[in-house]
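Participant: Got a sequence here, can you model it:
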Amino acid sequence: MHRRSVCCTRWSCDERLDGKTVIVTGANTGIGKETARDLARRGARVVMACRDLERAEEARADILGDTGNENIVIRKLDLSDTASIRAFAESINREERQVNILINNAGIMMCPHSKTLDGFEMQLGVNHLGHFLLTHLLLDLIRRSAPARVVVVASVAHTWTGLQLDDINSDKSYDMVKAYGQSKLANVLFARSLARRLQETGVSVFSLHPGVVQSDLWRHQHQCIQVAVKLFSVFTKTTVEGAQTTIYCAVEPGLESQSGGYFSDCAPGRPSRHAVDDDLAQKLWEISCSMLGITWD
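Facilitator: Residues are numbered from 1 along each chain as shown. Okay, here's the model as predicted:
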């Protein structure tokens with residue numbers, strides 16, 4: 001049915017998504033946009049969940065022109081604001097009859113120290129807590145839409161550090177690299193925990209490393225780092241290439257038996273030892289619920 005190169009630069013599969021509804025966070029740029037483009041080309045109804053509506057409109061027009069799929073809608077979502085997340089989820093639960101695939105893609109990388117509107121360290125708040133809350137609020141609809149999938153875009157950066165359980169919000173000290181790695185480890189642990197809780201429901205969950213991608217994620221880095229990324233572009237991926245593992249986890253038939261798994265280059269990846277620690281995953285789950293003020297067994 002499909003063919004895959006060793007580095008998964010362009011994965012190929014003829015699976016269609018006609019009649020399916022997909023939500024992609026951060027779909028206005030980078031690998032999120034290329035993921036939305038691919039799934040639209042497969043016939044899906046695509047909900048582009050974006051903070052910047054002007055850029056989202058431009059991306060939608062581009063995808064529509066490329067795919068001819070008019071069933072693409074834009075909804076406002078700011079993952080740094082729990083009120084925005086709740087408003088988005090409320091509109092989805094009211095307006096959409098199903099959500100077959102949720103792709104938690106949006107993220108920020110190694111930014112200067114700042115806080116979300118709710119007082120969370122920005123990288124943890126956007127990359128992990130925002131998507132944790134979003135998934136929680138949409139989960140009933142996702143379960144009713146089964147078979148369904150939740151795809152969490154993590155990173156190999158999850159191997160850089162452990163969880164600072166005594167200072168997970170970086171209130172005592174802040175290291176942008178460690179904070180980013182911690183947020184990506186949280187992504188992998190969240191996917192693992194959620195998959196365990198959703199056994200026998202028809203909902204599968206996957207996390208993944210997209211590769212080192214030439215995208216807007218590098219915008220907070222010093223100019224010399226941005227130049228280095230461009231100079232060594234032969235070793236990095238384009239946004240189209242970087243989207244392939246996300247698309248694979250969303251589309252590839254028969255992956256249900258690997259729910260909870262971590263993928264890289266369209267194949268099972270090697271997570272860190274922290275990422276397979278179920279006790280740590282449970283502690284993170286409890287801390288996340290406490291920080292967000294929600295109950296989620």
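
Participant: How many neighbouring residues does residue 31 have?
Facilitator: 30 (other Cβ atoms under 10 Å). All C-beta atoms are positioned from the backbone trio N, CA, C, and that covers glycine.

Participant: oh sorry, the question was meant for residue 286
Facilitator: Around residue 286 there are 11 residues (other Cβ under 10 Å).

Participant: Spell out the residue ranges of the helices in the stretch 1-150 of the chain.
Facilitator: 30-41, 53-67, 82-95, 122-123, 131-144 (DSSP state H, counting those that start in this stretch).

Participant: could these be laid out in CSV, adding mean pLDDT and distance to residue 116?
Facilitator: Formatted as CSV, the helices of the stretch 1-150 of the chain follow (pLDDT from 0 to 100; distance: least, Cβ to Cβ, whole Å):
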stretch, mean pLDDT, distance to residue 116
helix 30-41, 97, 19
helix 53-67, 98, 19
helix 82-95, 98, 8
helix 122-123, 97, 6
helix 131-144, 98, 11
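
Participant: so where's the stretch 151-297 of the chain uncertain?
Facilitator: Residue ranges of the stretch 151-297 of the chain with pLDDT under 70: 213-235.

Participant: all strands of it, in order?
Facilitator: Taking DSSP state E, counting those that start in this stretch to define them, one finds strands in the stretch 151-297 of the chain at 203-209, 262-264, 267-268.

Participant: which of those sits most buried?
Facilitator: The highest mean neighbour count among the strands of the stretch 151-297 of the chain, using mean count of other Cβ atoms under 10 Å, belongs to strand 203-209: a mean of 26.

Participant: quick one, it and helix 131-144 angle?
Facilitator: 140 degrees (axes from the mean of the first three to the mean of the last three Cα atoms, to 10 degrees).

Participant: tell me what strand 203-209 is packed against?
Facilitator: Here strand 203-209 touches helix 131-144, strand 148-153, helix 176-197, helix 244-251, strand 262-264, going by 3 or more Cβ pairs under 8 Å, 6 or more residues apart in numbering; DSSP states H and E.

Participant: Can you lay out those as a markdown table showing distance to residue 90?
Facilitator: Output for these, formatted as a markdown table (distance: least, Cβ to Cβ, whole Å):
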| stretch | distance to residue 90 |
| --- | --- |
| helix 131-144 | 8 |
| strand 148-153 | 19 |
| helix 176-197 | 21 |
| helix 244-251 | 24 |
| strand 262-264 | 31 |
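
Participant: right, so of these, which gets closest to residue 18?
Facilitator: Closest approach to residue 18 among the helices and strands packed on strand 203-209 (Cβ to Cβ): helix 244-251, 12.6 Å.

Participant: Give the other helices and strands that the closest one contacts.
Facilitator: On a contact count with 3+ Cβ pairs under 8 Å, 6+ apart, helix 244-251 meets helix 30-41, strand 101-104, strand 148-153, strand 203-209, strand 262-264.

Participant: now those in JSON lines, with distance to residue 162?
Facilitator: Formatted as JSON lines, the helices and strands packed on helix 244-251 follow (distance: least, Cβ to Cβ, whole Å):
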{"stretch": "helix 30-41", "distance to residue 162": "26"}
{"stretch": "strand 101-104", "distance to residue 162": "22"}
{"stretch": "strand 148-153", "distance to residue 162": "19"}
{"stretch": "strand 203-209", "distance to residue 162": "17"}
{"stretch": "strand 262-264", "distance to residue 162": "16"}
